[in-house]
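In: A predicted structure for the sequence below; I have some questions about it.
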Amino acid sequence: MDTGNEFELLDPEGGDIPGDEWEAIDVSDTEADRLARERDREFHQFQKRIKDADQFKVEQSVFDDATFAALYKLVHDGHVVAFGGPLSTGKEANVYHALGPDDTDVAVKVYRINASNFRQMRDYLEGDPRFEGLGGKKKDVVLAWVKKESANLERARKAGVRVPTPIATERNVLVMEYLGDEDGRAKRLGELHIENPETAYEVLAEYMRRLYAAGLIHGDLSEYNVVFQDGQLVVIDLGQGVTVHHPNSREFLIRDCENVANFFARQGVDVTGDELLEFVTQPEPDPSRS
Ligand SMILES: Nc1ncnc2c1ncn2[C@@H]1O[C@H](COP(=O)(O)OP(=O)(O)O)[C@@H](O)[C@H]1O
Ligand SMILES: [Mg+2]
């Protein structure tokens, strides 16, 4: 698949940039936990049905009851109408295609609490004002992670960065806008022949700058976490995104810049990580507002 020639930037919504009013994130016992404990008949039927469904077969052993309860709750609340096939099985999460309300497509990202590298997750939550007082319990960390991914997507969107719109979170599950078309999920940057690498680079650099100005650093930005949708670049996978308050945020930003610059240098764009860093951090976020 080739990429189109035109990229348009999104208009930022402005407002509360950079982040000084991080919404507090609640990781108290969820309704899904209560559902899993109660295990009523309807839930049992749902769990049996979904466990028997082909796309969840592989996961049977790793999805715990509370994860099924979270999926059940999302169906119950109308965010998901039916589950489709897996889009990706990653280190920490599986992503599924699903049908949302009114014939929309949605993507459902399910973090596997047991497979999760929660120590590393804990480190990423360090210093984030939204997670002050979060303990070290594995479940709480994963729950906080999902809330953070959703909050980061929302913040990125408001800052004018194209990302999938978050729709709902339930425990360790995030439902978001699906990126793709009849031919399947949107392709990652690294899976495509890019016809116009200079323009693509400029757009991504501008997105990084906007994220940074909004007080956020992606933390895992590379050709694997940017996709093409309708000829536009879309940034995904913001779970590990940190605020500029994080003690290692600079290190993460430098790494993001290197990954992105190296990828585009391989496509023939004359750019280095240092130049990108310089671009992204000018101007610095206003310290009086962060
Ligand atoms: N909203 C989405 N729509 C379509 N595909 C998606 C969506 N989110 C993720 N994917 C697909 O799933 C893969 C893994 O998702 P990602 O959020 O990057 O998780 P991971 O942490 O496993 O890398 C992505 O590379 C992409 O192909
Ligand atoms: Mg990813």
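Out: All right, it came through fine. Numbers count the residues shown, from 1 in each chain. Ligands and ions are numbered 1, 2, ... in the order given.
In: shaky segments in the stretch 101-250 of the chain?
Out: 115-116 (pLDDT under 70).
In: how about the residues of it that lie near ligand 1?
Out: For the stretch 101-250 of the chain, the contact set with ligand 1 under CB under 6 Å from any ligand atom comprises 107, 109, 164, 176-180, 185-186, 188, 225, 236-237. (C-beta placed from N, C-alpha, C; glycine too.)
In: how near is Gly135 to Phe118?
Out: From Gly135 across to Phe118, the span is 12 Å (CB to CB, to the nearest Å).
In: likewise Phe83?
Out: 25 Å.
In: same question, Gly184
Out: Distance from Gly184 to Phe118, by CB to CB: 31 Å.
In: against Lys109, how distant is whatever residue of the chain ends up closest to ligand 1?
Out: Using CB to the nearest ligand atom, Gly90 is the residue of the chain that sits closest to ligand 1, at 2.3 Å. Counting by CB to CB, the separation of Gly90 from Lys109 is 9 Å.
In: with neighbour numbers in mind, choose between Gly135 and Phe118.
Out: With neighbours defined as other CB atoms under 10 Å, Gly135 and Phe118 compare such that Phe118 has more, 21 against 10.
In: quick one, what contacts that one?
Out: Lys138, Val141, Val142 (CB atoms under 8 Å, 6 or more residues apart in numbering).
In: follow-up on the earlier one: of Gly90 and Lys109, which one has the most company?
Out: Set Gly90 next to Lys109 and count neighbours by other CB under 10 Å: Lys109 wins out with 26 against 14.
In: for Val110, which three-state class applies?
Out: Following DSSP: H, G, I helix; E, B strand; the rest coil, Val110 is assigned to strand.
In: spell out which residues of this protein are next to ligand 2.
Out: Contact residues (CB under 5 Å from the ion) of the chain with ligand 2: Asn225, Asp237.
In: can you give me the strands for the chain?
Out: Along the chain, counting by DSSP state E, strands occupy 82-89, 93-99, 105-111, 166-170, 173-177, 180-181, 184-185, 216-217, 226-229, 232-235, 242-243.
In: name the helices or strands packed onto the third one?
Out: Based on contacts counted as 3 or more CB pairs under 8 Å, 6 or more residues apart in numbering; DSSP states H and E, the elements that strand 105-111 packs against are helix 65-76, strand 93-99, helix 138-158, strand 173-177.
In: what of the second one?
Out: Taking 3+ CB pairs under 8 Å, 6+ apart as the contact definition, the neighbouring helices and strands of strand 93-99 are strand 82-89, strand 105-111.
In: most tightly surrounded among those?
Out: Highest mean neighbour count among the helices and strands packed on strand 93-99 (mean count of other CB atoms under 10 Å): strand 105-111, with a mean of 24.
In: can you give the domain ranges for this structure?
Out: 31-178, 187-289 (automatic domain parsing).
In: of those, which approaches Glu8 most closely?
Out: For Glu8, the closest of the domains of the chain is domain 187-289, at 6.9 Å, according to CB to CB.
In: pretty sure Leu253 sits against Val280.
Out: Yes: judged on CB atoms under 8 Å, Leu253 makes contact with Val280 at a distance of 7.0 Å.
In: what sits in contact with each of these two?
Out: With CB under 8 Å, 6+ apart, Leu253 and Val280 have common neighbours Tyr212.
In: restrict stretch 153-171 to CA atoms and write it as PDB.
Out: Listed next in PDB are the C-alpha coordinates belonging to stretch 153-171 (Å, rounded to 0.1, in the frame of the first residue of the first chain):
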ATOM      1  CA  LEU A 153      -5.300   9.800  24.200                       C
ATOM      2  CA  GLU A 154      -7.800  12.400  25.200                       C
ATOM      3  CA  ARG A 155      -5.100  15.000  26.100                       C
ATOM      4  CA  ALA A 156      -3.300  14.300  22.800                       C
ATOM      5  CA  ARG A 157      -6.500  14.700  20.800                       C
ATOM      6  CA  LYS A 158      -7.200  18.000  22.500                       C
ATOM      7  CA  ALA A 159      -3.600  19.200  21.700                       C
ATOM      8  CA  GLY A 160      -4.300  18.600  18.000                       C
ATOM      9  CA  VAL A 161      -2.600  15.200  17.600                       C
ATOM     10  CA  ARG A 162      -4.400  12.600  15.600                       C
ATOM     11  CA  VAL A 163      -5.000   9.600  17.900                       C
ATOM     12  CA  PRO A 164      -7.800   7.000  18.200                       C
ATOM     13  CA  THR A 165     -10.600   8.500  20.300                       C
ATOM     14  CA  PRO A 166     -10.900   6.700  23.600                       C
ATOM     15  CA  ILE A 167     -14.500   5.500  24.100                       C
ATOM     16  CA  ALA A 168     -14.600   3.600  27.400                       C
ATOM     17  CA  THR A 169     -12.400   1.900  30.000                       C
ATOM     18  CA  GLU A 170     -13.400  -0.900  32.200                       C
ATOM     19  CA  ARG A 171     -10.800  -2.300  34.600                       C
END
